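> Turn this into a model:
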Amino acid sequence: MTKALVPGSFDPLTFGHLDIIRRASEIFEQVVVAVGINTSKHSMFSDEEKISLIKSNIADLKNVSVERMPGLTVDFMKKIGSTVIIRGIRNVRDYEYERDIAEINHRLGSVETVLLPSKAVYQDISSSSLKEVAKFGADISHFVPKNVAELIETKVN
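Okay, here's the model as predicted:
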């Protein structure tokens, strides 16, 4: 049985993230969504909030679980018995970044990375830009689930 890992900071969780998680759940027997810590970003949500938001939006996916991931992805993968990383890519810039990270992860832990191209409707969604426009009162409901939009609104007001 292949256990795939979908790592990310999910700050905030977007429809694009959910699409990648759902598609991964159709390909692999078991999928773990790993909420990691991105040290180069300032988080809007706590790990507990992220985990709760993800769980509530994937409750129908019986082969998907959500866990907090401290430290390196490859170390976490060894701990849970995963051999495949799933990453979504929106454009060439994402591809180049993810290709380089995939090579590092392979050298560190002999893991494979599967890149799933984003559907066109999700290619313009970036968690960073969503947080920025939300601070100015923009309607982001077309990009994130309702519970995420509601929590963002409480945090920016």
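> What is the least confident helix or strand in the chain by mean pLDDT packed up against?
Within the chain, confidence by mean pLDDT, DSSP states H and E is lowest for helix 127-135 among all helices and strands, at a mean of 90. Contacts defined by 3 or more Cβ pairs under 8 Å, 6 or more residues apart in numbering; DSSP states H and E place helix 127-135 against helix 146-156. (Glycine included, C-beta is placed from N, CA and C.)
> Give me the angle between the helix it packs on and helix 127-135.
Going by axes from the mean of the first three to the mean of the last three Cα atoms, to 10 degrees, helix 146-156 is angled at 60 degrees with respect to helix 127-135.
> Quick one: mean pLDDT over helix 146-156.
For helix 146-156, mean pLDDT is 93.
> Low-confidence regions, this structure specifically.
Judged by pLDDT under 70, the chain has its weakly predicted residues at 38.
> Which helix runs longest in it?
Determined from DSSP state H, the single longest helix within the chain is helix 92-109.
> Buried residues, it. List them.
By neighbour count on 16 or more other Cβ atoms under 10 Å, the buried set for helix 92-109 is 94, 98, 102, 105, 109.
> Then stretch 150-157?
Buried residues in stretch 150-157, counted by 16+ other Cβ under 10 Å: 151, 152.
> which residues are contacting that stretch?
The contact list for stretch 150-157, computed with Cβ atoms under 8 Å, 6 or more residues apart in numbering, reads 12, 44, 45, 49, 53, 130, 131, 134, 135, 137, 140, 144.
> what do you get for stretch 23-38?
Residues outside stretch 23-38 that contact it (Cβ under 8 Å, 6+ apart) are 1-11, 21, 47, 50-51, 54, 58, 61, 63-70, 73, 76, 80, 82, 84, 86, 114, 116.
> I appreciate the help and will end here.
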